[in-house]
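In: Sharing a model prediction with you, sequence too.
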Amino acid sequence: MGVSGSAMFRGGARRLSEGMTNTTQNTTQNTKQNTTQHITEDTMTVVVTGATGRTGSRVAKAARAAGLTVRAASRSGEVRFDWADPGTWDAVLRGADGAYLAYPSDVGAPGAAEAVGAVARRAVALGVRRLVLLSARGEDQALPTEEALRGAGAEWTVLRCAWFDQNFSEGPLAEQVRGSELAFAAPDALREPFIDVRDIAEVAVAALREPAGVLELTGPELLTWGEALGVVARAAGAGGGKRYVAVPVREYGGALLEFGVPEAEVGFLVDLFSVLLDGRNASLTGDVERVLGRAPRSFARFARDAAAEGAWK
């Protein structure tokens with residue numbers, strides 16, 4: 001199936017969060033926003049964690065385009081930030097006004113809440129006033145991590161994202177998508193509101209400027225995985241088309257074990273996917289449009305742009 005590592009292909013999935021309604025906003029945050037010193041946009045410095053990853057790289061690009069000063073941080077980049085090494089945190093966070101936090105494994109995984117909470121609290125202690133967390137739509141396991149962010153004392157925004165469009169063009173899925181068949185754990189009839197990571201990045205930048213509480217980010221349409229693959233096939237000029245194969249979640253977990261994914265990690269992912277792929281996210285929100293003042297990009301537009309960049313050659 002072309003799966004490597006955990007390869008869970010989703011905005012909140014392990015190794016790919018860097019690999020997805022408005023909720024009542026925290027009233028204490030609103031009070032804090034009214035009393036916090038105003039941060040002027042033309043002098044704002046923001047930290048972007050996971051800056052070489054799928055969302056972080058685009059958040060950094062969008063922030064620079066918006067005129068913000070960006071510290072593009074990653075484990076291996078010029079600005080070094082390692083979630084597992086607190087010794088790398090202070091130099092990156094000190095003097096920044098805001099930070100985009102993309103935890104390098106699933107936001108609902110064991111240890112995520114503790115790590116995000118620790119970084120968020122340290123950021124606030126060093127003067128960072130605004131935090132934006134990449135989270136996952138429909139993932140109950142992510143709620144403790146979100147709560148850890150909210151409890152740190154900063155002005156906060158949580159981005160609960162749907163599955164990324166770019167999972168079809170980047171990362172472990174891309175190899176399968178370039179071929180004639182894609183096998184994944186989503187049922188044939190399951191509809192998802194796939195979202196373009198570029199929209200997530202623009203919303204993240206807007207939230208760094210003006211905190212927004214909890215946002216659920218979706219694309220403008222519901223597609224099955226097979227329909228999305230068909231859009232890719234047409235954009236890529238694949239005359240013979242591409243076939244989607246739905247694999248039962250536990251069978252998919254068995255395949256991951258065969259590819260060497262640790263048993264504990266597979267168990268977590270099987271439990272997670274059993275919930276996330278039950279249709280709970282088969283609805284659209286208007287949060288992208290409310291924040292950006294325009295509709296989210298369509299999956300077809302993503303596919304055309306990715307094809308033009310040679311994603312499936």
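Out: Thanks, I have it.

In: and Ser86, how many residues sit next to it?
Out: Actually, residue 86 is Pro rather than Ser. Residues near Pro86, counting by other C-beta atoms under 10 Å, number 12. No exception for glycine: its C-beta is placed from N, CA and C like everyone else's.

In: Could you measure from it over to Ile195?
Out: 32 Å (C-beta to C-beta, to the nearest Å).

In: Please apply the same query to Ala62.
Out: With C-beta to C-beta as the criterion, Ala62 and Ile195 are 15 Å apart.

In: neighbour-wise, which of the two wins?
Out: Ile195 (27 against 22).

In: For the closest residue to Pro211 other than its chain neighbours, list each beta-bridge partner.
Out: If the residues on either side of it in the chain are set aside, Pro211 comes closest to Glu155, at 4.1 Å by C-beta to C-beta, 6 or more residues apart in numbering. Here Glu155 sits in beta bridges with Arg130, as judged by DSSP bridges.

In: thought Glu155 was touching Arg129?
Out: Yes - Glu155 lies in contact with Arg129 (C-beta atoms under 8 Å); the separation is 5.9 Å.

In: Looking at these two, which has the bigger crowd around it?
Out: Glu155 (24 against 20).

In: how far away is that one from Gly127?
Out: 13 Å.

In: Same check on Leu284?
Out: 38 Å.

In: chain center to stretch 105-124, what's the gap?
Out: Relative to its chain's centre, stretch 105-124 lies at 15 Å (C-alpha atoms, centre = their mean, to the nearest Å).

In: Next, the buried residues of it.
Out: Neighbour-count burial for stretch 105-124 flags 105-109, 112-113, 115-117, 119-124 (criterion: 16 or more other C-beta atoms under 10 Å).

In: returning to what we had before: for Leu284 and Gly127, indicate the residue with more neighbours.
Out: Using other C-beta under 10 Å, the more surrounded residue of Leu284 and Gly127 is Leu284, with 16 against 11.

In: ok, Tyr103 touching Val116?
Out: Yes - under the contact definition of C-beta under 8 Å, Tyr103 touches Val116, with a separation of 5.8 Å.

In: Let me see the contact set for Thr88.
Out: With contact taken as C-beta atoms under 8 Å, 6 or more residues apart in numbering, Thr88 is in contact with 80-82.

In: Adding secondary structure, write those out as CSV.
Out: Shown next, in CSV, are these (DSSP: H, G, I helix; E, B strand; the rest coil):
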residue, secondary structure
Arg80, strand
Phe81, coil
Asp82, coil
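
In: now the residues you listed: which count as buried?
Out: For those, buried by 16+ other C-beta under 10 Å: 81-82.

In: out of the contacts of Thr88, who's nearest Thr45?
Out: Phe81 (14.5 Å; C-beta to C-beta).
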